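# Here you go, sequence then predicted model.
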Amino acid sequence: MAQPGTLEAFTDFMIATRGLPLAGPNEIFTQLTKHRTYVSRIILAKEKAKDYFQGGTHLEAALQLSYTPNAAEYNPGDTQSPVGDTSLTKAYIPWAFTLVYSVWYDHEIVLNRGEQVQFANLAMAKRRKMWVDFWDHVEDCLWAAPNSQMEKVAGTETKRIPYSIRAFITKTGGAPTKDDDGADVDWTTVEQINPTTYTNWKNQVITYNATNYLASLPPALDEMWMAVQFQAPPADGGPSGQEDTDLRKMRIMTNKEGMKMLLAVNRELKAGNAKVPLVDLSYTNGVLTFNGMPIDYISKLDSVFEEGKPCFYFINFDHIKLRFHRERYLYAKTFEGTFTQPHANVEYRDTWWNLVCTNRREQGIVIPEPET
């Protein structure tokens, strides 16, 4: 070994102590995402591409929400007076347009070429960031406050905004309001259907006492669990076209305070506290569940609910879906240079999409009792 103070010793020291890469030149450790739970993953998990890719100028759904019953007893020889009626109501969902982009310069790419000097594939890094940008934006939209630009018919809005879960599941069960749901204006319709006219177009609402949640929250959860379930007539899914509620696609979502309340209830149940009503709240494979339904912490809701008064969404993702236009899903368009920025490269990704609800009565929300 060279003596201290010599050039060789200094070179050995530099080689022995220099920073070493933890991965190859094309690998990047990414921690960009801001959401703890991605609801978009949950929505898309059990669907096939042929289901969530659609076309057309807008989305429509034919719903059977009400009818005039005409079954009745009769005597032989009675005169019958059949009257035609309709049970169909059309839901209207316009496309919303979302654009995300990435920018890089010739110098960034050219000067980082070569096996010895390349730190990472910058184009790959920027595209990864663009992908995160898009899905983070989708998550923000899924939990956005109801906005009148969601509900307006295509061509009448200034900028179309996709529907959110909070537009479909409201604290009154009806259309979103300024006071209860944080909407910019009071709505009268949801997907162009008036829930006052069609009462089956309302979500379920159950209340609990936030100051005494250990005793009041469990029975409220039990009541909601029963409220969102519907059975089909005999030969389910056959002649009636209606199917039993599939609770396997139901999830409960709340904020951090709501999760703490549920964890506290779970501890009381495990301790055998007789003051807490019996409720099937437990851990299943490390996940907190209620009657087998997973409970998710949604950080986006931390700033939505009043302090100490969390709400609990019962969401049936069998009826709330993400839909993307088959010809415009992260559709790429690139531009190389302009007169003022000759070395800039821009890649746009264009997506036409929206959130769709086809059944509101199997959705629910457990909310704090109003103050008296």
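Happy to help now that I have it. Numbers count the residues shown, from 1 in each chain.
# any low-confidence regions in the stretch 151-300 of the chain?
236-238 (pLDDT under 70).
# quick one, helices of it?
Applying DSSP state H, counting those that start in this stretch to the stretch 151-300 of the chain gives helices spanning 165-168, 178-181, 213-227, 256-270.
# Same question for the second one: list its buried residues.
By neighbour count with 16 or more other CB atoms under 10 Å, helix 178-181 contains the buried residues 180-181. Every C-beta, even on glycine, is put in place using the N, C-alpha and C of the backbone.
# Check the third one too.
Along helix 213-227, the positions that meet the burial threshold by neighbour count (16+ other CB under 10 Å) are 213-214, 216-218, 220-225, 227.
# what's next to the helix or strand hosting Lys50, contact-wise?
Using DSSP states H and E, Lys50 falls within helix 49-52. Helix 49-52 is contacted from outside by 44, 321-324, using CB atoms under 8 Å, 6 or more residues apart in numbering.
# what about 10 Å?
Among residues not part of helix 49-52, those counted as contacts by CB atoms under 10 Å, 6 or more residues apart in numbering are 43-44, 321-324, 326, 329, 353, 356.
# how about it: buried residues?
Residues of helix 49-52 classed as buried by neighbour count (16+ other CB under 10 Å): Tyr52.
# so what secondary structure elements neighbour the helix or strand following that helix?
Next helix or strand after helix 49-52 toward the C-terminus (DSSP H and E): strand 53-54. Using 3 or more CB pairs under 10 Å, 6 or more residues apart in numbering; DSSP states H and E, the elements in contact with strand 53-54 are strand 320-325, strand 344-357.
# Of all those, which one comes closest to Pro176?
In terms of CB to CB, the element of the helices and strands packed on strand 53-54 nearest to Pro176 is strand 344-357, at 12.5 Å.
# in that closest one, what counts as buried?
In strand 344-357, counting by 16+ other CB under 10 Å, buried: 345, 347, 349-357.
# nearest to Lys270, of those?
Cys357 (36.5 Å).
# What are the neighbouring residues in contact with that closest one?
With contact set as CB under 10 Å, 6+ apart, Cys357 has these partners: 61, 63, 91, 93, 163, 165, 167-169, 190-191, 193, 201, 203, 316, 319-321, 363.
# Of these, which count as buried by neighbour count?
Buried residues within the contacts of Cys357, counting neighbours by 16+ other CB under 10 Å: 61, 63, 91, 93, 163, 165, 167-169, 190-191, 193, 201, 203, 316, 319-321, 363.
# pretty sure Trp131 is in a helix, no?
Yes - assessed with DSSP: H, G, I helix; E, B strand; the rest coil, Trp131 lies in a helix.
# got JSON lines for the buried residues of strand 344-357, with pLDDT and distance to Ala145 too?
Converted to JSON lines, these look like this (pLDDT from 0 to 100; distance: CB to CB, whole Å):
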{"residue": "Asn345", "pLDDT": "81", "distance to Ala145": "36"}
{"residue": "Glu347", "pLDDT": "85", "distance to Ala145": "31"}
{"residue": "Arg349", "pLDDT": "90", "distance to Ala145": "26"}
{"residue": "Asp350", "pLDDT": "93", "distance to Ala145": "25"}
{"residue": "Thr351", "pLDDT": "94", "distance to Ala145": "22"}
{"residue": "Trp352", "pLDDT": "94", "distance to Ala145": "22"}
{"residue": "Trp353", "pLDDT": "95", "distance to Ala145": "19"}
{"residue": "Asn354", "pLDDT": "96", "distance to Ala145": "17"}
{"residue": "Leu355", "pLDDT": "96", "distance to Ala145": "14"}
{"residue": "Val356", "pLDDT": "96", "distance to Ala145": "19"}
{"residue": "Cys357", "pLDDT": "96", "distance to Ala145": "16"}
